[in-house]
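Colleague: model the following, please.
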Amino acid sequence: MPISRKNEAKTDIDLFNYIKENRLYSESWTVQKQKNRYIQEILDKTSKKGTGGYGYPDLIYVNENKKLLILIENKDHVKNHISKNGDKPMDFAVDGVKHYLSFFRQEKLNLEKETTKKYLKDWKIIGIAFSGDINDEYNHRLDTYIVESNTIQNINKNEILEEEDYLAFFDNIDLEKIANDISKSSSEINRLLRNLDSQKRPVLLSALMICLYPRESGADFKNSYSSWSASTIIRNIPTTISDILESENIDKNKIEVLTNELTFIKTDNDLNSTSILKDILKELEEKVIPLFKKKTSYDIIGKFYEEFLRYAGITNVKKGIVLTPNHITTLFTDLVEIKTNDVIFDPACGTGAFLIAGMNKLVAEIEKSNLPDKNQRIKNIKTKQLIGFEKSSTMYSLAISNMLFRGDGKSQIFNEDFFSEETSNIIDSLKEKPTIGFVNPPYGGKDNKTNPTKKEIQFLEKMLDCCSRYGIIIAPLSVYFKDEVDRNRIIAKHTLKYVINMPSELFQPNASTHTAIAIFETNKPHANNKVVFYDLKNDGFVLSKNKGRTDALNKWNAIKKETLKKINNPNQYNDSINLVYKKINIDDEWIIQAHSKTNYNNLLEKDFTNLVKRHIIFSIKRELDLLDKDIDELTFSEILNKQRITSKAFLDRKIELNTSTWKEFKVSDIFNPIQKGERLVVIDRIEGDVPLLTASSVNNGISSFINYETFEAKKKMFKNKITIDMFCNVFYQEFDYFSDDNIHTLLFKNKNYEKYYLNKHVNLFLVTIFKQLAKKYDYGRQVRLKRFEQEVISLPVNGDNEIDFEFMENYIKSLPYSSCLV
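Modeller: Numbers count the residues shown, from 1 in each chain. This next block holds a predicted model:
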């Protein structure tokens, strides 16, 4: 055997061992030969010499259940990774693996025997080109390719992934297509129904979906609607719905609710006089329902409903309807251990997304177990282990049709208000009680006369009280720091385990609300236990115009794994910034912003320079009485030139920031007292010459000028102080001012520091430091004394480990434009 082949054999062994020791695969890898006769039948013709004889990829992986084939071609030297023209399969890894993959392109498979062609339909084919030494990270190359119909595509994966990651990649390719098709159909159906009230469209859609439900017998509607008139279709819709749902054991009262909601179709002129219904039924039957047959855990029907509701303008925060993205419903099932006998519960189930995710998880757990009677157990899941309540009859109809096409699970979905007495009676009568609760409650409820919808925190508490093991909620961030009495009552009964801040774009384009997920262990008082707070800033999804947010870059699977690893190993990953692991007591907030440190390592020179420039601009506008004037940029540029504003620094030397040497200080240890202003409503303000500061990001917070003599005795006046308002807008005020009760004035605790009140350079440095806290005060979480006094900031210190005010002054003086700070 030539030496090069000996070396390649060693590379084969090294790769084989690396995969075995470092990656998870459910089946075994083989070297060169493959037992699967259909795959081997293809490989028998793939000789790299072009003779039509046997071909031998170096490593082969086959998972027949998942329809996954991976071929690896390797070379022992990186120089043999890829040829210039890609036409030397015997000598180069990329050329070789693409040679083998070419035989699995559709046009090649079409030439094979019918049995082989049929067997390999829908297989996921991957080719990996490897060169070098897998054990030397600086001396190997790897490229990954897939067969996509008649093309071979580089998917830009430069390492060997685990089996589930490759499967997830193909799922994403499929889901991208599905999302695109769903979006088109949703748009088209809404276009056809453009003259129908948007609130009626979902009811009609779910009715038509139910009418198209495939049945072995009695499928007259499905088989005949194309030849019927509009009036015949309308006449048959209620009876068809009743027949189908009765055969599926849906309560007659619930069926009557649905059919009553459809009475409008009898009198709607467009529906009765045009082919709209027939066109929609055809669109559903030919382009939408076939997508449901794809074998995937993805809630395709739920996604279709989500897109349909979005185009109809129904899903938005103002209406309290924010449907949960599919990757989040699946994430819920990974956040706690789910057992095969768990009963999944959703008290505000919407279209049934959480119930679908729970069903998929339970079925998967049973299928991979060694339990007997798997088919019966799976049947039990769908009939006994899924419980949902939905107050909206519109959403209820969507949930029923969703579960109908999923095979079952609808018998324990109830069109009831979760807070009604009837619901309590239903739960009490259930033989199998809820063990795990998932909820995305209606948003913005106030539980009052003008807005009777219950608050999110009320949904959470009642759900937790109903479940014997766990409860998980996704809700706006305000839920986790408001309603202190309710939150205290909850942790007196249940243990808070994790809170995960979600990306701000999560619900776009339907809503821009900022949310977090909280996980509780029920029926176990919190008792000051530690809680994991994690900031998931990015889920990898991207927003496109027509498809919403999708995992187009295939990042979510890795992000989810990393998230689960970190929250389950908090001691290892606790950095006090992105992950905080600490004891939580009564009255504490349940949000990472309340417990995390500010990362001053991200502080840049431009942060200070920008503040200097803004302060100069404000000072000029105030001096020239231009604060309330609308001035265009060119005119203001002329004003700056007249003021002889230049970018010259006060000091000629450059001073570097080194935040790693700074020291942490509690705000109340430096500033105490922090003086809160007094409330002064507009009607009581008497015009004068003294600035009144209110919460605002413009003009240093100056909202008006009030009379000194009138308010001298009533209000405290300050000068040369730092102020911070309720929204964390921070300014240095060099003038006399009054402030309202949303403004906090910072006063030094140490009398020796009071001389720095007049030092604008020091104060501008401190303002920049305080501005870094702003991201902790958002989403309705405001700066209040109790919170702000507990904040920790980082400041430079001198050799005596004391605050280095001299450094602060000189640093600001070294910045561009600092010469203009007069």
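
Colleague: how much space between Thr115 and Ile60?
Modeller: Distance of Thr115 to Ile60, computed by CB to CB, to the nearest Å: 21 Å. Every C-beta, even on glycine, is put in place using the N, C-alpha and C of the backbone.

Colleague: if you count surrounding residues, which of those two has more?
Modeller: Counting neighbours by other CB atoms under 10 Å for Thr115 and for Ile60 shows that Ile60 has the greater number, 22 against 11.

Colleague: could I have the CA atoms of the helix or strand harbouring that one written out in PDB?
Modeller: Ile60 belongs to strand 59-63 when assigned by DSSP states H and E. Output of strand 59-63 as PDB, limited to C-alpha atoms (Å, rounded to 0.1, in the frame of the first residue of the first chain):
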ATOM      1  CA  LEU A  59     -16.200   7.100   6.500                       C
ATOM      2  CA  ILE A  60     -19.900   6.500   6.200                       C
ATOM      3  CA  TYR A  61     -22.800   7.200   8.500                       C
ATOM      4  CA  VAL A  62     -26.300   5.900   7.900                       C
ATOM      5  CA  ASN A  63     -29.400   6.500  10.100                       C
END
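
Colleague: packing partners of that strand?
Modeller: Counting contacts by 3 or more CB pairs under 8 Å, 6 or more residues apart in numbering; DSSP states H and E, strand 59-63 is packed against helix 3-22, strand 29-31, strand 68-75.

Colleague: mind putting those into CSV with mean neighbour count?
Modeller: Listed next are the helices and strands packed on strand 59-63 as CSV, based on neighbours: other CB atoms under 10 Å:
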stretch, mean neighbour count
helix 3-22, 15
strand 29-31, 16
strand 68-75, 25
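
Colleague: including distance to Asp689, could those go into TSV?
Modeller: Listed next are the helices and strands packed on strand 59-63 as TSV, based on distance: least, CB to CB, whole Å:
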stretch	distance to Asp689
helix 3-22	73
strand 29-31	83
strand 68-75	78
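
Colleague: rank these by pLDDT, which is bottom?
Modeller: Of all the helices and strands packed on strand 59-63, the minimum mean pLDDT falls on helix 3-22 (a mean of 77).

Colleague: quick one, that helix and strand 68-75 angle?
Modeller: Helix 3-22 runs at 140 degrees relative to strand 68-75, counting by axes from the mean of the first three to the mean of the last three CA atoms, to 10 degrees.

Colleague: give the residue spans of this structure that score low on pLDDT.
Modeller: Scanning the chain for pLDDT under 70 picks out 1-8, 32, 216-219, 293-299, 314-322, 407-410, 510-511, 546-547.

Colleague: report the distance from the strand holding Ile60 to the chain centre.
Modeller: 34 Å (CA atoms, centre = their mean, to the nearest Å).

Colleague: what residues sit buried inside it?
Modeller: Leu59, Ile60, Tyr61, Val62, Asn63 (16 or more other CB atoms under 10 Å).

Colleague: and stretch 705-724, by the same measure?
Modeller: Quick answer for stretch 705-724 (16+ other CB under 10 Å): Phe705, Ile706, Phe711, Lys715, Phe718, Lys721, Ile722, Thr723, Ile724.

Colleague: pull the contacting residues for the fourth one.
Modeller: Think Lys715. Contact analysis of Lys715 by CB atoms under 8 Å, 6 or more residues apart in numbering lists Gly677, Glu678, Leu680, Phe738, Ser739.

Colleague: just the ones in strands from those, please.
Modeller: Phe738, Ser739 (DSSP state E).

Colleague: follow-up on the earlier one: nearest to Ala774, of the helices and strands packed on strand 59-63?
Modeller: helix 3-22 (42.7 Å; CB to CB).

Colleague: any chance you could list what contacts that closest one?
Modeller: With CB under 8 Å, 6+ apart, helix 3-22 has contacts from 1, 25, 29, 31, 58-59, 72, 74-77, 130, 133-135, 160.

Colleague: check the offset of that helix from the chain's centre.
Modeller: With CA atoms, centre = their mean as the basis, the mean position of helix 3-22 lies at 40 Å from the chain mean.

Colleague: and what of stretch 399-417?
Modeller: On CA atoms, centre = their mean, the centre of stretch 399-417 falls 26 Å from that of its chain.
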